[in-house]
Every structure is written in C-alpha cells, then in structure tokens.
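Asks: what follows is a predicted protein model with its sequence.
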Amino acid sequence: MSSIHWKSILLKHKEVCNHFVHSIKRTNPQFPEEDLNHQLAPFFDSIITKQKVSFDEETIVSLFETLVILISKHVLLPLDQSTSQFFQIVSEIQPEAKEDPILFLSLFTNVFSKVETNQKQVFLNRLHSVVPKIQTIEEVKLVLGLLYWASGKPEYRQSLKTNFHHLTQSLKSEIQNLFGIDESSMEFPFLPLNRNQISKPNFHFRTIPGYTLFGGNFLGIPVLYLDFENILVLSGESWFQIFVDEYGTSLYPIEKPQSPTKVSSKPSTFWKQILEQKIDTSHVVSTFEMDSYTIVTLKNSYQLYLFYVGRT
C-alpha cells in the first residue's frame, strides 16, 4: 500500500476530514493543525509498512479521525522522542498484529495514554524491544498489559498470571530475557522469602504518601483492614483498596465494605526486628503481614509504610 493511495482517499473525503478537525476545534480551540500536517505522513506510513493488502476507504478515513483525536489529547506530541518511537513501533509490528489498524491503535494508545509521564519512555523502550516477537493482536493485548503492570500497576498482576501461559514459548523466553519476568514472577507480589537460606535477605522500604497536601488521599490517620483477601485502608470515613508488588503501589477509593476485619496492631517478632531499623514500632497502629512483605500504619502519620524482600 503506497502513500499515494491513502492521500488520494483523504482528498476524496476532504469534507469529512475537515469536519473532524472543525469538530475537535469546537471543544479544543487550541488544536494545533500544524502538528496534524507534520504527523500525517509519519502516522500513515507507519501503519501501511509491511501491509500486503490495501485498507478500504472507510478505514483510511477512520484512521485520520484517530490521528486527530490522538493529537488533540496530546498522546502524540510534535518533535517528541516518544512520538517518533511510537511511529517506529507501529511500523515494525507484524502485519497480522495490525491487520485491524483501528483495533491495534486503540489498544496501544489506550494503554500508552494511561502510563505515568515519567514512565512513558521506559514503557516504549520495553515494548519496542519485544516487538519482533509479537505476531498476533492477542499477543499485543497481553504484552501491553504486562508492560503496563511493570510500569507500576500491581492490580493487573492476577489477571496477567492467568493469561501469561497463552503466549508462545518464543515470546515468553524473550520477555524473560529482556525483563526477567516469567510465570513465577507473577505468582507472588514480592520475591518469596526463604528463611532457611544462608545469605541474609535484602529488605527494602517504601512509603506510600497519604497526606493530601503531599499528593495523598487520606483525611485521617489510616488504619488497615482485610475484606477476604483484599487489603483495605480506612481513613476518616473513606475506604480504599490498596495493591502492592515489587513494581509499584496503587490505591483506589471504594464503597464501605460490609464486614471488614481490622488487622493486628502488633508486629510479629520476625517483622518487628526489620521495622525497628526504620520506624518506632511502639507507634504502630495496624500491620498487615505476609512472608515476603508487610504494610504498617503509625500514630500521627498519614503515610503507609511498606517493607518487602527485594531482589538486590
């Protein structure tokens, strides 16, 4: 498929394309039409690369509308390294994976737009490195989810754990070689603790901001609860569910649970000696413990304190 083909289709449907732009400008008067002009060719060229069949007119026009939306939402930025790499990934992905380009772009941009700004380049670098092994749209979905999880979204670990085995052995091996991730990585949130090992385990420490002035969500001193296997936080009258693993932490507001159970206020002997290296354990209000990690709250502190077994 040549550039002449998509250009001729856009010219044929010029009125429709202009309508897309004018509609966006009604809600976003600052929409940069010059960016659209600069990114039009790289966008379409990246999509048609390696494609053996031509896309129909409806698809080409829909792709133009997609580009307008991506620019309007600042997913694609002018003269930006991430935009250049974005196009490179689209260009190099296997034809079967972008056979439906609208679906492929929807999946890709939906995840990419949600990645934290300081993680976007890392996310693209990781995706780019594994692109040669991705063959199908189903593999695209799983790899995008895996890399989103690895960018600091622990709530996705469980769903990925059940689907990871669907990947080809070649792709799984590549992911393990590049990122150190395999089935066992998803089995536990942190490196399992072997208390019989000869060498001393490496314990790491992480704080989770709570006070609203410092980017937190808590209006009162947080207290930990359990609701079945879910770890909950009560702050004032507000409830939250917390997810943690070695890649990050997430906290989401939830409705008040029916019968939550308050966790212990006393650290176990094992974890107490670890905690004492960083905090005064006499100030512990609540503590949730597992073999490889513990979460603690303290009197007069809006933060959550996470201690866990690390890989290094």
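Replies: The structure has been received and is ready for your questions. Numbers count the residues shown, from 1 in each chain.

Asks: how about residues contacting the helix or strand containing residue 86?
Replies: Here residue 86 is covered by helix 81-92, with elements defined by DSSP states H and E. With contact meaning C-beta atoms under 8 Å, 6 or more residues apart in numbering, helix 81-92 is reached by 39, 42-43, 45-47, 49-50, 76-77, 98, 104-105, 108, 112, 120-121, 124-125, 127-128, 131-132. Glycine gets a C-beta too; all of them are placed from N, C-alpha and C.

Asks: check which residues of it are buried.
Replies: 82, 83, 85, 86, 87, 88, 89, 90, 91 (16 or more other C-beta atoms under 10 Å).

Asks: so which of the residues you listed would you say is closest to residue 182?
Replies: Nearest to residue 182, judged by C-beta to C-beta, of those is residue 89 at 23.3 Å.

Asks: grab the nearest non-local neighbour of that closest one.
Replies: Nearest non-adjacent residue to residue 89, counting by C-beta to C-beta, 6 or more residues apart in numbering: residue 128, 5.4 Å away.

Asks: quick one: the helices in the stretch 101-250 of the chain?
Replies: 101-114, 120-130, 137-150, 157-163, 169-179, 183-187 (DSSP state H, counting those that start in this stretch).

Asks: run the chain-centre distance for the second one.
Replies: This points to helix 120-130. Relative to the chain's own centre, helix 120-130 is displaced by 12 Å; criterion: C-alpha atoms, centre = their mean, to the nearest Å.

Asks: just checking, what packs against it?
Replies: helix 81-92, helix 101-114, helix 137-150, helix 169-179 (3 or more C-beta pairs under 8 Å, 6 or more residues apart in numbering; DSSP states H and E).

Asks: just the element for the nearest residue to residue 95 once chain neighbours are set aside, please.
Replies: Distances taken as C-beta to C-beta, 6+ apart place residue 50 nearest to residue 95, at 4.8 Å, with adjacent residues excluded. Using DSSP H and E, residue 50 falls within no helix or strand.

Asks: low pLDDT regions in the stretch 101-250 of the chain?
Replies: Residues of the stretch 101-250 of the chain meeting the criterion pLDDT under 70: 195-199.

Asks: please redo it, this time with the cut-off set to 90
Replies: The model of the stretch 101-250 of the chain has pLDDT under 90 over residues 116-118, 158-159, 161-166, 180, 182-188, 191-202, 209-217, 219, 229.

Asks: residue nearest the centroid of this protein?
Replies: residue 148 (2.7 Å; C-alpha atoms, centre = their mean).

Asks: ok, and the closest non-adjacent residue to that one?
Replies: residue 111 (5.1 Å).

Asks: how much space separates the one you found from residue 167?
Replies: Going from residue 111 to residue 167 by C-beta to C-beta, to the nearest Å gives 17 Å.

Asks: who's in contact with residue 194?
Replies: Neighbouring residues of residue 194 by C-beta under 8 Å, 6+ apart: residue 201.

Asks: switch the cut-off to 7 Å
Replies: By C-beta atoms under 7 Å, 6 or more residues apart in numbering, residue 194 lies in contact with nothing.

Asks: and for residue 46?
Replies: Counting by C-beta under 7 Å, 6+ apart, residue 46 makes contact with 87, 90, 91.

Asks: residue 207 now?
Replies: 303, 305.

Asks: just residue 308 next, same as before
Replies: Contacts for residue 308 (C-beta under 7 Å, 6+ apart) come out as 190, 204, 292, 293.

Asks: pretty sure it is in a strand, no?
Replies: Yes: assessed with DSSP: H, G, I helix; E, B strand; the rest coil, residue 308 lies in a strand.

Asks: for it, which residues count as its bridge partners?
Replies: Residue 308 has these beta-bridge partners by DSSP bridges: residue 204, residue 293.

Asks: touching stretch 295-302 from outside, list them.
Replies: When contacts are defined by C-beta under 7 Å, 6+ apart, stretch 295-302 is touched by residues 210-211, 216, 218, 221-224, 231, 244, 275, 279, 283-288, 304-306.

Asks: turn the helices and strands packed on helix 120-130 into CSV, including distance to residue 251.
Replies: Shown next, in CSV, are these (distance: least, C-beta to C-beta, whole Å):
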stretch, distance to residue 251
helix 81-92, 27
helix 101-114, 16
helix 137-150, 16
helix 169-179, 25
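
Asks: how much space separates residue 191 from residue 309?
Replies: Using C-beta to C-beta, residue 191 is found at 5 Å from residue 309.

Asks: residue 242 now?
Replies: Here the criterion is C-beta to C-beta. By it, residue 242 lies 18 Å from residue 309.

Asks: much appreciated, bye for now.
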